[in-house]
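**Q** Fold the following and give me the result.
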Amino acid sequence: MPTPWSAPIKAAKQLSIFPTSKVTGGPWKSVFTKALAEFNALSAKHSLGVTFAIASSAPDPSGVGGADVQFDTINGTANFTCFNQAFSDKLSGNAMEGHTKVISQVFGSAKSIAKAFIFVPATPRVGAASSRVVGDPVKLVIAAHEMIHACGLDNSEHTALKDADLFFDVPSLRDKVHPADDRIAVGNPIVEMPPLFLSAPTIKLIQTNW
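**A** Alright, predicted model coming up:
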């Protein structure tokens with residue numbers, strides 16, 4: 001089942017998210033901004049109970065201060081510090097998926113999320129390392145998918161084929177002549193994204209967790 005955020009954050013029903021300089025100064029900048037808006041629009045449409053807001057500072061490496069979530073690009077190994085502990089994550093910069101590292105805390109028998117670190121591939125490509133980078137529509141799907149993970153859902157909660165949506169774990173790339181026309185295909189029958197959409201199981205999981 002999904003892992004809830006700490007009580008104060010859950011009560012606020014908002015996650016602050018900090019884009020690193022690699023995001024704001026690179027090709028993911030506009031995608032990040034759009035993903036934030038798209039997630040919040042889905043939240044309003046489905047009453048998910050949580051939205052994202054841009055933070056002015058990164059997560060405090062020593063404590064609970066700063067942003068709740070960090071959004072960064074990755075190309076190989078990424079190292080970061082949280083609660084004075086060193087962590088690392090590994091993902092190819094050419095991958096077609098992101099990864100979210102959740103830092104949890106346990107008080108008694110209650111487990112909750114304290115911070116989350118989203119990593120998206122720096123240069124997701126349509127194929128081999130020599131192929132072109134995917135268009136922004138595909139990057140949007142990758143980013144928004146990881147935002148769902150940051151809300152507390154893990155890989156075991158990915159949607160099944162019959163309910164395939166933004167949180168489906170084995171989407172297919174539909175690369176077109178022009179990168180701006182690239183899409184992600186899910187489900188049977190196939191539906192292409194964007195536009196982004198959520199199915200009932202994902203909606204219920206997020207609502208219940210918030």
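
**Q** Check which helices and strands the strand or helix carrying Thr208 sits against.
**A** Per DSSP states H and E, Thr208 falls inside helix 200-209. The helices and strands touching helix 200-209, judged by 3 or more Cβ pairs under 8 Å, 6 or more residues apart in numbering; DSSP states H and E, number zero. Every residue, glycine included, has its C-beta placed from N, CA and C.

**Q** Output the longest strand belonging to this structure.
**A** Under DSSP state E, the strand in the chain containing the largest number of residues is strand 110-121.

**Q** Number of residues surrounding the residue nearest to Ala185 when sequence neighbours are not counted?
**A** Nearest non-adjacent residue to Ala185, counting by Cβ to Cβ, 6 or more residues apart in numbering: Ser172, 4.5 Å away. By other Cβ atoms under 10 Å, 13 other residues sit near Ser172.

**Q** what residue ranges in this structure score low on pLDDT?
**A** Judged by pLDDT under 70, the chain has no weakly predicted residues.

**Q** Show me what the helix ranked longest in the chain is packed against.
**A** Taking DSSP state H as the criterion, the chain has its longest helix at helix 29-46. With contacts taken as 3+ Cβ pairs under 8 Å, 6+ apart, helix 29-46 sits against strand 14-19, helix 21-24, strand 51-54, helix 136-150.

**Q** so what's the spatially most central residue of the chain up against?
**A** Centroid-nearest residue in the chain, with Cα atoms, centre = their mean: Glu146, separated by 1.6 Å. Glu146 makes contact with Gly98, His99, Thr100, Ile118, Phe119, Val120, according to Cβ atoms under 8 Å, 6 or more residues apart in numbering.

**Q** May I see those organised as JSON lines, with distance to Val138 added?
**A** Converted to JSON lines, those look like this (distance: Cβ to Cβ, whole Å):
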{"residue": "Gly98", "distance to Val138": "12"}
{"residue": "His99", "distance to Val138": "16"}
{"residue": "Thr100", "distance to Val138": "18"}
{"residue": "Ile118", "distance to Val138": "16"}
{"residue": "Phe119", "distance to Val138": "16"}
{"residue": "Val120", "distance to Val138": "11"}
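
**Q** Please list only the buried members of the residues you listed.
**A** Neighbour-count burial (16 or more other Cβ atoms under 10 Å) applied to those gives Gly98, His99, Thr100, Ile118, Phe119, Val120.

**Q** Verify the stated contact: the fourth one with Ile74.
**A** Pointing back at Ile118 there. No - contact criterion Cβ atoms under 8 Å: Ile118 and Ile74 do not qualify, at 9.6 Å.

**Q** Now the common contact residues for those two.
**A** Common neighbours of Ile118 and Ile74, using Cβ under 8 Å, 6+ apart, are His99.

**Q** quick revisit: of all the helices and strands packed on helix 29-46, which lies closest to Ile203?
**A** Among the helices and strands packed on helix 29-46, the nearest to Ile203 by Cβ to Cβ is helix 136-150 (10.5 Å).

**Q** Following the chain past the closest one, name the next helix or strand.
**A** Helix 136-150 is succeeded, C-terminally, by strand 172-174 (DSSP H and E).
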